[in-house]
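Below: sequence and its predicted model.
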Amino acid sequence: MAIPSLNLLRTFAVLGETLSVKRAAERLHITPPAVSHQLRELEAALDCKLFERLPRGLALTSHGQSFWEEVAPAIAQLTQATLARLRQRPLCISSFPYLAHNVVLPALGELQALLGGRLLTLDTRQDTLNLITHGMDLGLRFAPDSMEWRGLRSRRLCNCLGLPVVGAAFPQVPLPPTTELPGIRLRKEPRGWATWAKVHGWQPANEGSEMDSYGAVLSAAEQGLGVAMGLLPLCIDALETGRLRPLWPGTQVLSGALWAAWAPELESDDLLCVVDFIGERLVALEQRSDKFFSSQSSQMLTLPAVPR
């Protein structure tokens, strides 16, 4: 007779604790149908009913209760032993490349000092990664809307404001423009322009250039190839140094936020220190962004009047 897999037993242990398919799914980072399927598979393997289905949730049967009292402590012990080992391995941060290269990498020495003897690794793949299945401790993500981080803990690090930016030599144009302007888009984030256009009523033509990274988008704009959607505070370096300038100052629109997300079972003092540190770096960028646009507004107010 085949013994049920450890995965089925873990699902059963969590179900017995939560008595809810939905809450168990969140805890296990799988879908509710997957939890129900695993429960049916376990009941078939044991040839007994483990739960009663109630209008609201579940209740353990007598067989289920006695089995859960034996299984749950063993699963808890295995989980604690595994987590203790995981917390000794390098802490892995998953981040999209532009944020990694411009915020995380410049502070790598300081971050490593925070972790003491625990090593830090950085994953900048642009693929869609599942933090749990890909072995990531911490994810740094941009989300255009408020998101439900299913089964994960999360913290909003900073808001992101979008506004059109161009290279320093790009000509001044009115809003809305009287001629078509070439746009530069990020291939995997088509909503930036739509969000801004909903407020201001203009977006570049659909045949604009598409880039596969945010760094490439800003680089193309710096070279005068078109109008890009700048995300503040991430593009503040390019604005402060004059490599980019706002095409229409004062037209910022809230485009989303930068988030940190992690699995509850991997939360540790090390991880929270890293989240705090990165959050402080982004707040500093926000303050620089506010100062930059405040200065621009002051300069515009002090310009001499144009003779009529």
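Great, that's in hand.

what ranges do the helices span in the stretch 51-200 of the chain?
62-86, 97-99, 108-115, 191-200 (DSSP state H, counting those that start in this stretch).

mean confidence score for the first one?
Yep, that's helix 62-86 we're talking about. The average of the pLDDT scores along helix 62-86 is 85.

Just want the angle from the helix ranked longest in the chain to helix 108-115.
In the chain, taking DSSP state H as the definition, the longest helix is helix 269-301. Interaxial angle, helix 269-301 versus helix 108-115 (axes from the mean of the first three to the mean of the last three CA atoms, to 10 degrees): 140 degrees.

Could you tell me how many residues sit around Arg187?
Residues lying near Arg187 (other CB atoms under 10 Å) number 13. Every C-beta, even on glycine, is put in place using the N, C-alpha and C of the backbone.

Revised request: answer the last question for Leu285.
Neighbours of Leu285 using other CB under 10 Å come to 19.

Quick check: nearest residue in space to it, chain neighbours excluded?
Pro233 (3.6 Å; CB to CB, 6 or more residues apart in numbering).

residues in contact with the one you found?
Pro233 sits next to 158, 160-161, 282, 285-286, 288-289 when contact means CB atoms under 8 Å, 6 or more residues apart in numbering.

what's the angle from the strand ranked longest in the chain to helix 191-200?
For the chain, the strand that runs over the most residues, judged by DSSP state E, is strand 153-167. Put simply, strand 153-167 runs at 70 degrees to helix 191-200, going by the same axes, to 10 degrees.

and strand 153-167, C-alpha only, in CSV?
Extracted C-alpha coordinates of strand 153-167, given in CSV (Å, rounded to 0.1, in the frame of the first residue of the first chain):
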residue,chain,number,x,y,z
ARG,A,153,3.0,39.6,3.7
SER,A,154,3.7,42.9,1.9
ARG,A,155,4.7,46.5,2.6
ARG,A,156,4.1,49.5,0.3
LEU,A,157,7.6,51.1,0.0
CYS,A,158,6.7,54.2,-2.0
ASN,A,159,4.2,55.6,-4.5
CYS,A,160,5.1,55.9,-8.1
LEU,A,161,4.1,58.9,-10.1
GLY,A,162,4.1,58.9,-13.9
LEU,A,163,4.7,61.8,-16.2
PRO,A,164,6.1,62.1,-19.8
VAL,A,165,9.8,62.7,-20.0
VAL,A,166,12.1,63.5,-23.0
GLY,A,167,15.8,64.1,-23.7
